[in-house]
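*Asks:* Using only what follows, build the 3D model:
(2 chains)
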Amino acid sequence: MEKAIRVADLVKRFGNKIAVNRVSFDVKLGEVYGILGPNGAGKSTLISMIAGIMEPDEGRIEILGENIKNTKIRFETNYCPQNPALYEELTGLENLIFYSNLYGLTGRKAKGKARDLIRKVGLEEYADKPVKTYSGGMKKRLNLATALVNDPRVLILDEPTTGLDPNIRREVWQLLDEIKRSDRTIMISTHYMEEAEALSDRVAIMDAGKIIAEGKPEDLKRAYAPKVVISVKLAEAESPHKALKALRNRLNLEDAIANESSLRIYAEDSDTILSSVAFELFKAGIKLISIRVDKPTLEDVFLRLTGRRISEN
Amino acid sequence: MIKAFVVKDLKELSRDKTAVFWMIVWPLLWLVLTAYVFIPPENYTPKTMKIGVVNYDVDSEYQLNGSLLIDVLERAEYEGVKLFNVLVYKNETLMLDEIKREKIDAGIIIPEGFGENLTFNQANLEIYVSAMNIQSFQINSFMLDAFLDEFSVKISNEKISWMLKFIPEDNVDLEIIEKFLRGIAKPINPAFSKISPEKLISRESWIGWYTIGALGMTMLYSGLNIGSVALMEEKQKRCLPKILASPITPSELIAGKVLFGVTALSIISVIIVIFGVGVCGARIYWDPLRIKYWIIPLVLLILALMVLGLGSLLSLVTKSAKGASNLSTSLGLLLAFLTGVWFPKDWFPRWMQILAEYSPATWAIEAIRKVMVFEADLAEVAPQILATSLVTFVVLAAGVIIYRKSLKKYLEK
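*Replies:* Numbering: from 1, shown residues only, chains lettered A, B, ... in the order given. Down below sits the predicted model:
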């Protein structure tokens, strides 16, 4: 089966820092492939190289069997950057026509495509207004539309919802869901676990320039997360690290992570440990707001994986 | 794909009010100022001097007297225009005050006994000329001096005719004596003829000269501006990564930017020339049937490419589009004013003339002026065009290298 994206031994250095360190993976045709990782993990650098914006120091990138250096293959791909790449003085329609022109569409074809896309992203009413009058959400939607001007077979999205408020993020997710149903190959980088889980068929978890885990979200959870997660929300004044220390002294907790004001404790079975956690925290005089049993998410996979790596370092 | 940049950038430019002001309105304003303030139509009619007179010779019994002088002053004309606007004052204090307050250009005091002296002796006149600046002093003095010379000759001739009546005709040749005496009255009788030069320098031609200057000035600062911000603006608008991810190659991107610059400058040039001719009354020669005039668009293209290339060099020393824009506008205006593009270089001190002589933009503008204002032949401007082309080739090559390096650096980051 032809691979949509093939990345082999990719390396990118900035001075002494290795931003992408021998990364290899394949993306199948029609698949949605998520790159998940914190800020500075190397996601945007990796995406920029795959989009053909940045040249790798080592390694090879193939899109639909062609080397990315062959600019002809770019007629089959498109890229949506994290920050809207829009011309504020131009109207939404003019922006779409300009980007259509870059992909060889001219005249009526470009106008027709632009009108079609602006309708699809729900901006028909604002089509002839300058982009500078658009809200943040409208700009994000238009930005996504610009990545569809050439009906790309491979769509590369760099953190499409970063910095958006939850309502707008949901709007963009709806759009992405529609795009996903059009059988395109999509590569999406994000630092929102929820986004990666909801949209991706397969996810690569990236940290410090390397892919540390890759697979279907369910497989990753099965492989790296325990069956249950006990989520403990502490009172404002309590220190989660102090609570974790108290629990570790009394219970045999291998996997537990302290967040800003909560604890996440990983276990195979919630029955015995739930009451013990509550009891030990009470005994240590630590006040709780809530304690509940959750199903593990990709966030748990990521936290466990990166937590371990950090402790190893 | 290259056309996409031209269309997009032109749309953006047309919606940027500041850019439209600097690129189109500003040079047109200069042209209007030039046509109606610096070279006003009345500057090309003979000058009328305002002159004050105090006449202390009012009771003269002689035919030749102070009143006659005032009368001749009032009637003196040059090409149908009065040479002097005469105002009579009661005393010299009043008149001198008026000169000091720049109400009149000069004042004449006709002393008592002027008529008697004019008839039998040599008459004196006291003349005061405003010396507001050396040029006005020079012009006013010369005008009065020339008038009084002519008046003196006429008086002398009157006196000679009168005197000849008293010379007995016996034993003398009156004709020889008369010629001799008239020779004493005016030893040299110069004959002045007015010849209009083939080239220039009517008011319309001057405005034509300045129209080409406005074109050069705009080319300089707008071209430098466009060249310096071309890629920087795409970076600042965060659109460059998306453009680089498209099928467009870096060479096509650069070509698109250069073509936009050339198109914008061409549109501006056409507007300036049409405005100069249509509104300001510039005289510019253009005959589509003669090949020498078709060299003009070529020279403009060469000039446009040169300033765009120079602009890209400026982008090396600035960090933002705004900084590049400010630097290029200031530098462009400065060059336009200092290198003979806007003002004639003959007005400048020697060191500035040298600067103008080595400015390729000035070569191009002078070549255009020679053809369009002075109707010069192609052979006359060929050396300037060739020199400008050579410099343009070097500058443009450097500009393209800089653009490519800048893109490569951006890709590596």
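*Asks:* Now the helix or strand hosting residue B:216: buried residues?
*Replies:* Assigned by DSSP states H and E, residue B:216 belongs to helix B:203-236. Of all the residues in helix B:203-236, those buried under the rule 16 or more other C-beta atoms under 10 Å in any protein chain shown are B:203-235. Where you see a C-beta, it was placed from the backbone N, CA and C, and this is true even at glycine.
*Asks:* What sits closest to residue 220 if chain neighbours are left out?
*Replies:* Chain wasn't specified; assuming chain A. What sits nearest to residue A:220 in space, not counting adjacent residues and going by C-beta to C-beta, 6 or more residues apart in numbering or on different chains, is residue A:301, at 4.9 Å.
*Asks:* The chain in question should be chain B.
*Replies:* Counting by C-beta to C-beta, 6+ apart, the residue nearest residue B:220 is residue B:332, at 4.0 Å.
*Asks:* Report the separation between the one you found and chain A.
*Replies:* Distance of residue B:332 to chain A, given as C-beta to the nearest C-beta, to the nearest Å: 23 Å.
*Asks:* At which residues are the strands of the chain located?
*Replies:* Because you didn't say which chain, this covers chain A. Ranges of strands within chain A are A:3-14, A:17-28, A:32-36, A:58-63, A:66-67, A:77-80, A:154-158, A:185-190, A:202-207, A:210-215, A:228-234, A:256-258, A:262-267, A:288-294, based on DSSP state E.
*Asks:* um, chain B though
*Replies:* Assigned by DSSP E, the strands in chain B fall at B:49-55, B:77-78, B:81-82, B:84-89, B:106-110, B:126-129.
*Asks:* Which of those sits closest to residue A:186?
*Replies:* Proximity to residue A:186, assessed across these by C-beta to C-beta, is greatest for strand B:81-82 (84.5 Å).
*Asks:* Tell me the helices and strands packed up against the closest one.
*Replies:* Under the contact criterion of 3 or more C-beta pairs under 8 Å, 6 or more residues apart in numbering or on different chains; DSSP states H and E, strand B:81-82 touches no helix or strand at all.
*Asks:* coming back round to it: can you tell me which of the strands of chain A the model trusts least?
*Replies:* Ranked by mean pLDDT, the strands of chain A bottom out at strand A:256-258, with a mean of 78.
*Asks:* residue contacts, residue B:220?
*Replies:* B:307, B:332, B:333, B:335, B:336, B:341, B:361 (C-beta atoms under 8 Å, 6 or more residues apart in numbering or on different chains).
*Asks:* What residues does the stretch 151-300 of chain A have near chain B?
*Replies:* Within reach of chain B by C-beta under 8 Å from any C-beta of the partner chain, the stretch 151-300 of chain A has these residues: residue A:156.
*Asks:* Pick out the residue of the stretch 151-300 of chain A closest to chain B.
*Replies:* residue A:156 (7.6 Å; C-beta to the nearest C-beta).
*Asks:* show me the contacts for that residue.
*Replies:* Residue A:156 touches A:47, A:50, A:51, A:77, A:78, A:79, A:80, A:186, A:187, B:245, counting by C-beta under 8 Å, 6+ apart.
*Asks:* at 6 Å instead, please
*Replies:* Counting by C-beta atoms under 6 Å, 6 or more residues apart in numbering or on different chains, residue A:156 makes contact with A:47, A:50, A:51, A:79, A:187.
*Asks:* now the helices for the stretch 101-250 of chain B?
*Replies:* Counting by DSSP state H, counting those that start in this stretch, the stretch 101-250 of chain B has helices at residues B:114-120, B:134-164, B:174-185, B:203-236, B:240-244, B:250-278.
*Asks:* who's residue A:204 bridged to?
*Replies:* On the basis of DSSP bridges, residue A:204 is bridged to residue A:35, residue A:214.
*Asks:* pLDDT below threshold where in the chain?
*Replies:* By default, I'm working from chain A. A:1, A:254, A:307-313 (pLDDT under 70).
*Asks:* could you do chain B instead?
*Replies:* In chain B, residues with pLDDT under 70: B:40-44, B:196-201, B:411-413.
*Asks:* Please identify the residues of it in proximity to chain A?
*Replies:* Contact residues (C-beta under 6 Å from any C-beta of the partner chain) of chain B with chain A: B:1, B:4, B:8, B:11-12, B:15, B:238-239, B:241-242, B:244-249, B:411.
*Asks:* Now with 10 Å, please.
*Replies:* B:1-5, B:7-9, B:11-16, B:233-234, B:237-250, B:252-253, B:256, B:408, B:410-413 (C-beta under 10 Å from any C-beta of the partner chain).
*Asks:* The nearest residue to residue B:202 once chain neighbours are set aside: how many residues sit nearby?
*Replies:* What sits nearest to residue B:202 in space, not counting adjacent residues and going by C-beta to C-beta, 6+ apart, is residue B:283, at 6.9 Å. Around residue B:283 there are 18 other residues, counting by other C-beta atoms under 10 Å in any protein chain shown.
*Asks:* Surely residue B:283 touches residue B:212?
*Replies:* No: between residue B:283 and residue B:212 there is no contact under C-beta atoms under 10 Å: 11.3 Å.
*Asks:* Which neighbours do the two have in common?
*Replies:* With contacts defined as C-beta atoms under 10 Å, 6 or more residues apart in numbering or on different chains, the residues shared by residue B:283 and residue B:212 are B:276, B:372, B:373.
*Asks:* Who are the contact partners of the last one?
*Replies:* So the one you mean is residue B:373. B:199-201, B:204-212, B:282-285.
*Asks:* residues contacting residue A:281?
*Replies:* Per C-beta under 10 Å, 6+ apart, neighbours of residue A:281: A:232, A:234, A:238, A:243, A:246, A:247, A:250, A:263, A:287, A:288, A:291.
*Asks:* let's see it at 8 Å
*Replies:* So residue A:281 contacts A:232, A:243, A:246, A:247, A:288 (C-beta under 8 Å, 6+ apart).
*Asks:* distance of residue A:210 from residue A:18?
*Replies:* Using C-beta to C-beta, to the nearest Å, we find residue A:210 at a distance of 9 Å from residue A:18.
*Asks:* ah, wrong one, I meant residue B:391
*Replies:* The value you get for residue B:391 to residue A:18, if C-beta to C-beta is used, is 46 Å.
*Asks:* Could you find the closest non-adjacent residue to the residue in chain A that chain B sits nearest to?
*Replies:* Scanning chain A for proximity to chain B using C-beta to the nearest C-beta identifies residue A:101 as nearest, at 3.3 Å. Once flanking residues are discounted, residue A:101 sits nearest to residue B:4: 3.3 Å by C-beta to C-beta, 6+ apart.
*Asks:* buried sites along stretch A:195-206?
*Replies:* A:195, A:196, A:197, A:198, A:199, A:200, A:202, A:203, A:204, A:205, A:206.
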